[in-house]
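Novice: coords please:
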Amino acid sequence: MTRPRTYVWLAGAVVLLALPFYLDRFWLQAGLFAMAAAIGAIGINLLTGATGQLSMGHAFFLAIGAYGYCVFAGDGDDGLTGLGLPTWIAAALAVLVAGIAGGLFSPIAGRLRGAYLGIATLALIFIGQHVLFNAHDLTGGSNGRDVPPLSVFGITFDESELVVAAVPFGASEKLWYAGLVLLLGCGLFARGVLRGRPGRAMNAIRDHRIAAGVIGVPVARYRAGVFVLSSMYAGLAGVLLALVFQRTVPDYFGITLSLEYLAMIVIGGLGSVAGAVVGAAVVSLLPQLLTRYSDALPLVSAPGSGGITPGEASRYLYGAAVVAVVLFLPGGLASIAARRTRPTSGPTPGEER
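Specialist: This next block holds a predicted model:
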């Protein structure tokens, strides 16, 4: 079983590396949105899927990452606050600030659980929306602010063309490889956490909090730590989203985005890195595909035409997918592959124990 799976992974890696040479801008941007969503979904899956902590405030930390990068990297020429730092330092600081924000909230996250934590984190969304719309010097208000292009090792991820093998590489092509590296690093780190001692402690907290405390697991400390880690994943996803969008707007970072991330991990599979990636791809790509092919699809009309918009249709579809997964496939889409590779297995996080 190991060798065929290795070949599959190698073939998939070659395909992903070759795609920028053949795909147009739409498909590259769609893939970048999916990569950013996957990074954020891995983070919330560590919190909700592996540790059992419900968070409704994930979009708040994505906003911190996106706007934090703009503030640290901006030069102030647009009349908004900008520190003019090197962009790679600005990206790292934005992720760090998202982690600090999660750390400030972590005492609450360490003591609350279930719906109580969900309600508490929901307050972060309303606080964040108020700040984003009213802190004009930092965020640009409702109009948002431009995102400075990332520059690393002399390569600037903007629309200036870089010819590779007779193929012009613009911003999307360059960011594609940056996104792949970030997603791979985040996935491997999360996988190591889940397969090691911290992962076993997190699963013990999820399965039975009191029993985990009895065997010596510091429950509050682990909950707080995972919340900080999840916040940093969200901050990194926010930075990548900002670089892809090239402009940040407050409306995007609302409660709908947090609900979408919960849908991602339920559809893909709770407590699974692969499930987070698959669920993120499904939820993030669906509205874009419906928008592109709205003319050829029944009951779906172009935005502004008065019918069911692609965004609304996508929410109906993945809402139905969430219900179907909960009823018929508690382990999510990732459990399908897991069942084929493991003849016997224990119950998945969503199944009864």
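Novice: hey, let's count contacts and neighbours off CA atoms from now on
Specialist: Fine.
Novice: Report the central residue of this protein.
Specialist: For the chain, Gly40 is the residue whose C-alpha lies nearest the centre (C-alpha atoms, centre = their mean; 1.9 Å).
Novice: confidence score at it?
Specialist: On the pLDDT scale, Gly40 is placed at 95.
Novice: So it is in contact with Val239, correct?
Specialist: No - Gly40 is beyond contact range of Val239, at 10.6 Å (criterion: C-alpha atoms under 8 Å).
Novice: Now list whatever residues contact both of the two.
Specialist: Leu62 (C-alpha atoms under 8 Å, 6 or more residues apart in numbering).
Novice: Only alpha carbons, please: show the helix or strand containing Ser314 as PDB.
Specialist: In the assignment (DSSP states H and E), Ser314 maps to helix 310-328. Written as PDB, here are the backbone C-alpha positions of helix 310-328 (Å, rounded to 0.1, in the frame of the first residue of the first chain):
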ATOM      1  CA  PRO A 310     -24.000  31.900  -7.300                       C
ATOM      2  CA  GLY A 311     -23.100  32.800  -3.700                       C
ATOM      3  CA  GLU A 312     -26.500  32.000  -2.400                       C
ATOM      4  CA  ALA A 313     -26.600  28.700  -4.400                       C
ATOM      5  CA  SER A 314     -23.200  27.700  -3.100                       C
ATOM      6  CA  ARG A 315     -24.400  28.200   0.500                       C
ATOM      7  CA  TYR A 316     -27.500  26.100  -0.100                       C
ATOM      8  CA  LEU A 317     -25.300  23.300  -1.600                       C
ATOM      9  CA  TYR A 318     -22.700  23.100   1.100                       C
ATOM     10  CA  GLY A 319     -25.400  23.600   3.700                       C
ATOM     11  CA  ALA A 320     -27.000  20.500   2.400                       C
ATOM     12  CA  ALA A 321     -23.600  18.800   2.200                       C
ATOM     13  CA  VAL A 322     -23.100  19.500   6.000                       C
ATOM     14  CA  VAL A 323     -26.500  17.900   6.800                       C
ATOM     15  CA  ALA A 324     -25.600  14.900   4.500                       C
ATOM     16  CA  VAL A 325     -22.200  14.400   6.100                       C
ATOM     17  CA  VAL A 326     -23.500  14.600   9.600                       C
ATOM     18  CA  LEU A 327     -26.200  12.100   8.900                       C
ATOM     19  CA  PHE A 328     -24.500   9.600   6.600                       C
END
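Novice: picking up where we left off before, who are the contact partners of the residue nearest to the centre of the chain?
Specialist: Leu62, Ser230, Tyr233, Ala234, Gly235, Leu236, Ala237, Tyr261.
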